[in-house]
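Colleague: Got a sequence here, can you build the structure:
(chains A, B and C)
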Amino acid sequence: MTVLHTVNKSPFERNSLETCIDHATDGSAVLLIEDAVLGAVAAGDIAARIKAANGIKIYVLGPDLAARGMTIDLVIDGIDVVDYGGFVDLAATHDTVHAWM
Amino acid sequence: MKFGVLVNEGPFTHQSSDTAYMFTKAALEKGHEIFRVFFYYDGVNNANALSEPPTDDRNLVTLWSELAAEHGVDLVVCVAAALRRGIKEDILAPGFRISGLGQLIEAGIQADRLVVFGD
Amino acid sequence: MSDLPPIPPDDDEDDFGVVKKFMYVNRRAPYGTVYALESLEMVLVAAAFDQDVSVVFMDDGVLQIKKGQETADINMKNFSPTFRALEGYDVEKLYVSKKSLEERGLTEEDLLVPVEVLDQAALAALMDEQEVILTA
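Modeller: Next comes the predicted model:
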């Protein structure tokens, strides 16, 4: 099964993003939504974790970035921005969705 | 694609029910089918017709009811979770129905994808 | 949970002819939030549908099945004995994260049900096999 992982809590609030990446296998995708979009622009440890997760494709939900006053140029290289339509596409093109809260 | 959606949180306190709604709406706009939206844990509060948010902000309860009216989306509230939280037939918003957890499991079985929104 | 749902009869009433791999992932401690209790209720009801069910306890979720929960002084019902009923409902595939146990100073001996302890890679591989993943 190919898995789309969704993470909605900020990496500064909860360990869910870290735990998700620890359990996401190569070929899976991670979509950052709601407060987790902070993980897409972060510096420090979490950015290092994300950059090291080579086999995992990471996406961030654009509307949630904009809502929190963040512009796309701040997003870590290699992370793709999608909208809700893109979220639906990711859910459709992966076999299973795993929501980490 | 046939989607099942599980909503774990009530409106306003957490963004999850907004995200669930936006996802559901986007899926319908792309021509997908929504098999069912199931509300569990505090998610049952999305069905509360007594909700009265300020008029210059979105009314999630109404938005869900509109999805049911315009697209025939099946909105199901778990009876056990609803009882705990005082969500009863007489305050149920239009388009919602109260039923058992079996409806969620059925959605998992019958839909192609089950997407969970929570906190 | 004084009234457990009845153990489902072995008939075809809820048989859709489809068997999917369902996984329930528990990551939260009991009592601080309701998720542990209501997730367990979900697993029990789901048992009637004869799907291929796995239940995972990881992060603080390992505390849900810890022995010795004394809840009288927080005025809440101790629902942990209900985990022992899972076997009777044919829900036997219970998994626990090795890392989560160790981080919390726990061992298998501290748990009130038989489980399979998995390391990160094994747990990740198991999650990859699932068709429906229910989380809270």
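
Colleague: Look up the pLDDT of C:Asp15 for me, please.
Modeller: You'll see C:Asp15 listed with a pLDDT of 59.

Colleague: One more: the one 10 residues further on?
Modeller: C:Val25 is assigned a pLDDT of 98 by the prediction.

Colleague: Relative to the helix or strand hosting it, what are the paired strands and their orientations?
Modeller: Applying DSSP states H and E as the criterion places C:Val25 in strand C:21-26. Partners of strand C:21-26 in the sheet, by DSSP bridges, are strand C:52-57 (parallel), strand C:132-135 (parallel).

Colleague: closest to A:Ile76 out of the ones you listed?
Modeller: Of all the strands paired with strand C:21-26, it is strand C:132-135 that lies closest to A:Ile76, at 25.3 Å by C-beta to C-beta. Where you see a C-beta, it was placed from the backbone N, CA and C, and this is true even at glycine.

Colleague: The helix or strand that comes right after the strand holding C:Val25 vs strand C:52-57, what angle?
Modeller: Next along the chain after strand C:21-26, taking DSSP H and E as the criterion, comes helix C:35-46. With axes from the mean of the first three to the mean of the last three C-alpha atoms, to 10 degrees defining the directions, helix C:35-46 sits at 170 degrees from strand C:52-57.

Colleague: list the contacts for the residue positioned nearest the centre of chain C?
Modeller: Closest to where the C-alpha atoms of chain C average out (C-alpha atoms, centre = their mean) is C:Val55, at 4.4 Å. C:Val55 sits next to C:23-24, C:26, C:43, C:86, C:91, C:93-95 when contact means C-beta atoms under 8 Å, 6 or more residues apart in numbering or on different chains.

Colleague: Out of those residues, which comes closest to chain A?
Modeller: Checking these against chain A with C-beta to the nearest C-beta, the nearest one is C:Met23 at 8.5 Å.

Colleague: pretty sure that closest one contacts C:Ile133?
Modeller: Yes - with contact defined as C-beta atoms under 8 Å, C:Met23 and C:Ile133 form a contacting pair (4.9 Å).

Colleague: so what's in contact with the two at the same time?
Modeller: Counting by C-beta under 8 Å, 6+ apart, the shared contacts of C:Met23 and C:Ile133 are C:Met127.

Colleague: Report the distance from the helix ranked longest in chain B to the chain centre.
Modeller: As assigned by DSSP state H, the longest helix anywhere in chain B is helix B:16-29. Its chain's C-alpha centre and that of helix B:16-29 lie 10 Å apart, by C-alpha atoms, centre = their mean, to the nearest Å.

Colleague: Now the helix or strand that that helix is followed by: buried residues?
Modeller: Moving toward the C-terminus from helix B:16-29, the next helix or strand (DSSP H and E) is strand B:33-39. For strand B:33-39, a neighbour-count test (16 or more other C-beta atoms under 10 Å in any protein chain shown) marks B:34-39 as buried.

Colleague: So which bits of chain A are right by chain B?
Modeller: A:6, A:8-9, A:33-35, A:63, A:83-85, A:87-89, A:91-92, A:96-97, A:99, A:101 (C-beta under 8 Å from any C-beta of the partner chain).

Colleague: out of these, which are inside strands?
Modeller: Using DSSP state E to define strands, the subset of the residues of chain A next to chain B located there is A:6, A:96-97, A:99.

Colleague: would you list the residues you listed in TSV and tack on distance to C:Val18, pLDDT and neighbour count?
Modeller: Below are those laid out as TSV (distance: C-beta to C-beta, whole Å; pLDDT from 0 to 100; neighbours: other C-beta atoms under 10 Å in any protein chain shown):
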residue	distance to C:Val18	pLDDT	neighbour count
A:Thr6	24	98	28
A:Thr96	15	98	24
A:Val97	18	98	23
A:Ala99	22	98	26
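
Colleague: Those residues into JSON lines, with extra columns for distance to B:Glu89?
Modeller: Listed next are those as JSON lines, based on distance: C-beta to C-beta, whole Å:
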{"residue": "A:Thr6", "distance to B:Glu89": "33"}
{"residue": "A:Thr96", "distance to B:Glu89": "35"}
{"residue": "A:Val97", "distance to B:Glu89": "32"}
{"residue": "A:Ala99", "distance to B:Glu89": "30"}
